[in-house]
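Below is the sequence, then the predicted model.
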Amino acid sequence: MKTTNEPDLPESDLPESVIRRRTLKAFGWFALASVVPVGVYSWIQNSPNLAGIRKPLRKMLDVNEDIASTYFSNNHLVRTYPVEAAARVPRVNGFDGLRTPLPDDWKLQIDRQGSDGEPQEPLLLTMDDVKALPRQELVYDFKCVEGWSQIQHWSGVRFSDFMERYQLGTRSGKAPSPDNTDDLYKFVGMETPDKGYYVGIDMESAMHPQTLLAYELNGEPINNQHGAPVRLLIPHKYGVKNLKRIGRIFFSDTRPRDFWAERGYDYYLGL
Amino acid sequence: MKRRIVHKHPLAIRWFHWINFPVLGIMIWSGLLIYWAYDPYKIQLGDWTLVSFFPDGFYKALKLSRRLAEGMAWHFVFMWIFLLNGLLYVGYTFISGEWRHLVPNRNSFREAVHVTLYDLGLRKDQPPFIKYNGAQKIAYFSIMLMGVGSILTGYAIYKPTQFYWLTALMGGYKTARLIHFALTVGYVLFFVIHIGQVIRAGWQNFQSMVTGFEVLKPSEPDRPALTDVTPEPGPSDDPEPTEPRPDSTPFQPALS
């Protein structure tokens, strides 16, 4: 019944003393090697926290970001669906940054700096200024970091169009140019008017063609719970990065503070 | 006095096997921390829930609640070791020719049924084999394929936009997550059976995963128990004549 291609196991004749020595040696190494996983585990668990998570894990998550950015592409688009597929009652999850009423004098504030790094007068925009840009619709599978997802129908304007129109995110103060990506700041920061919620987004992800400043959900102006009057929609990141009710936008070369990253989540959270 | 030993597991295989043990342990534990945050899976018969993944007491007992961030961090760090160890294992198995002991052939399925009946005490003999019997070949080969499945479905839910084609291939985001979970349940079931079979098979078999070799019984120096195991004397399909074993404990290298 021996199958033709399976070779016999090699055998050898050895004195019992040699066998005993080899066995002891193997178990010695085995015992020694078993210390390694225990050591690694306790080294990680005994490391200090760096932004809410053990430092070695945090460092590796940042390496993961570097790995992910090698294959990130603006050509990799989130899958879209027909409008009918969208949920009638989109799920609401999380009220941080929304616990105070929306200020009556709300304006979208965008911080600007001169090429010398000196702060300039912030740009204050109304919803009409935002809506003046080409309207985009996006029906896609919104993904929560918790693991659930839901097809939702959002409308708004491309964040990249917005940056171009208002000449934002560059050191030179000119509109971003694909030929001069070095001119761009490395990060976009956003926060709610009450500063109760805040996110940082790497510039590459912010410039993705499906990253929107959204003001409509299922064709209606978005309600307070979903982040009225305008929110970030970044479909290639988990929901926690999709800040609701934007109060202030700013640009920087260092990571802006991030609500959930401070609580131990990965900063990047790119999908 | 000289003894005959059978070189069963090459050093590399032993390393891959034992590295995988704590790494897969970390992956399953951190996976549970992640799963807790959205735990919809259950097995239902009509309206009746047979198994719910998982009851509250399960999370409580294992302290799995409200640890999503921690779970994701461990999972996305140790996945690289799981992947690397798996790639090295498959690469080594292929290059060394070890796969010849592992990949099931057309006899394996019939053999596996035979072995299962033997393990359940419904048959007295088990079919002869060289390193692994049919049931083992199927089990170990499947577990390797399951590893591939975990990595593919894992990446499909890790980067569903960047690897949209992979996510589509795995049946979409939701399906990929379900498969990823089901495979993990599979590992746990495998583990339970594996441990049981290792205990059944006895010390010689277990220690060969540490030392690499099994020592043959002195009374049958030229009778490698691995190549033709017939614990009971009598007619069998073994081409060689079989001597009765003086040792009363049957050698049971079944699914281990």
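Cool, the structure landed. As the structure is a computational prediction, the values presented were derived from the model and not from experiment.

C-alpha from now on. contacts and neighbour counts both.
OK.

Just confirm A:P48 contacts A:R54, I think it does.
Yes: with contact defined as C-alpha atoms under 8 Å, A:P48 reaches A:R54; the gap is 5.8 Å.

can you tell me the residue of the stretch 151-271 of chain A closest to chain B?
In the stretch 151-271 of chain A, the residue that lies nearest chain B is A:L271 (4.2 Å; C-alpha to the nearest C-alpha).

shaky segments in the stretch 1-150 of chain B?
Within the stretch 1-150 of chain B, not a single segment meets pLDDT under 70.

Number of residues surrounding residue 56?
Because you didn't say which chain, this covers chain A. Burial of A:P56 is recorded as 18 neighbouring residues (other C-alpha atoms under 10 Å in any protein chain shown).

that's the wrong chain, I wanted chain B
12.

Have a look at A:P48 and A:R54 and say which one is more surrounded.
A:R54 (20 against 13).

what bridges to that one?
A:N49 (DSSP bridges).

from memory it sits against A:I44, does it?
Yes: applying C-alpha under 8 Å, one finds A:R54 in contact with A:I44, separated by 6.4 Å.

residue ranges for the strands of the stretch 151-271 of chain A, please.
Ranges of strands in the stretch 151-271 of chain A, per DSSP state E, counting those that start in this stretch, are A:187-191, A:198-202, A:212-217, A:220-221, A:231-233, A:248-252.

Now do the first one: everything it contacts.
So that's strand A:187-191. A:169, A:197-203, A:206, A:243, A:246-257 (C-alpha atoms under 8 Å, 6 or more residues apart in numbering or on different chains).

if we go to 10 Å?
Strand A:187-191 is contacted from outside by A:97, A:109-111, A:169, A:197-207, A:231-232, A:241-259, using C-alpha atoms under 10 Å, 6 or more residues apart in numbering or on different chains.

for the shortest one, same thing?
Surrounding strand A:220-221, the residues in contact under the criterion C-alpha under 10 Å, 6+ apart are A:154-155, A:214-215, A:227-230.

Which of the three states applies to B:L24?
Following DSSP: H, G, I helix; E, B strand; the rest coil, we place B:L24 in the helix state.

Neighbours of it, how many?
By other C-alpha under 10 Å, neighbour count at B:L24 equals 18.

Now do the closest residue in space to it that isn't next to it in sequence against chain A, distance only.
Leaving out its chain neighbours, the residue that sits closest to B:L24 by C-alpha to C-alpha, 6 or more residues apart in numbering or on different chains is B:F82, at 6.9 Å. Relative to chain A, B:F82 is positioned 13 Å away (C-alpha to the nearest C-alpha, to the nearest Å).

Go through whichever strand or helix holds B:F82 and flag the buried ones.
B:F82 belongs to helix B:68-96 when assigned by DSSP states H and E. Across helix B:68-96, burial judged by 16 or more other C-alpha atoms under 10 Å in any protein chain shown covers B:68-79, B:82-83, B:85-86, B:89-90, B:92-93.

After it, which helix or strand is next?
helix B:99-102.

How about that next one and chain A, touching?
Yes: contact of helix B:99-102 with chain A (C-alpha under 10 Å from any C-alpha of the partner chain) involves B:99-102.

coming back round to it: what packs against the helix holding B:F82?
Secondary-structure packing of helix B:68-96 (3 or more C-alpha pairs under 10 Å, 6 or more residues apart in numbering or on different chains; DSSP states H and E): strand A:53-54, helix A:55-71, helix B:11-36, helix B:99-102, helix B:134-158.

Tell me the gap between it and the middle of its chain.
16 Å (C-alpha atoms, centre = their mean, to the nearest Å).

by how many degrees do it and helix A:55-71 diverge?
Angle of helix B:68-96 versus helix A:55-71, following axes from the mean of the first three to the mean of the last three C-alpha atoms, to 10 degrees, is 70 degrees.

can you state the direction angle for helix B:68-96 and helix B:134-158?
Using the same axes, to 10 degrees: helix B:68-96 against helix B:134-158 is 130 degrees.

What score does whichever residue of the stretch 151-256 of chain B sits closest to chain A have for pLDDT?
Residue of the stretch 151-256 of chain B nearest chain A, by C-alpha to the nearest C-alpha: B:K159 (4.2 Å). pLDDT for B:K159: 97.
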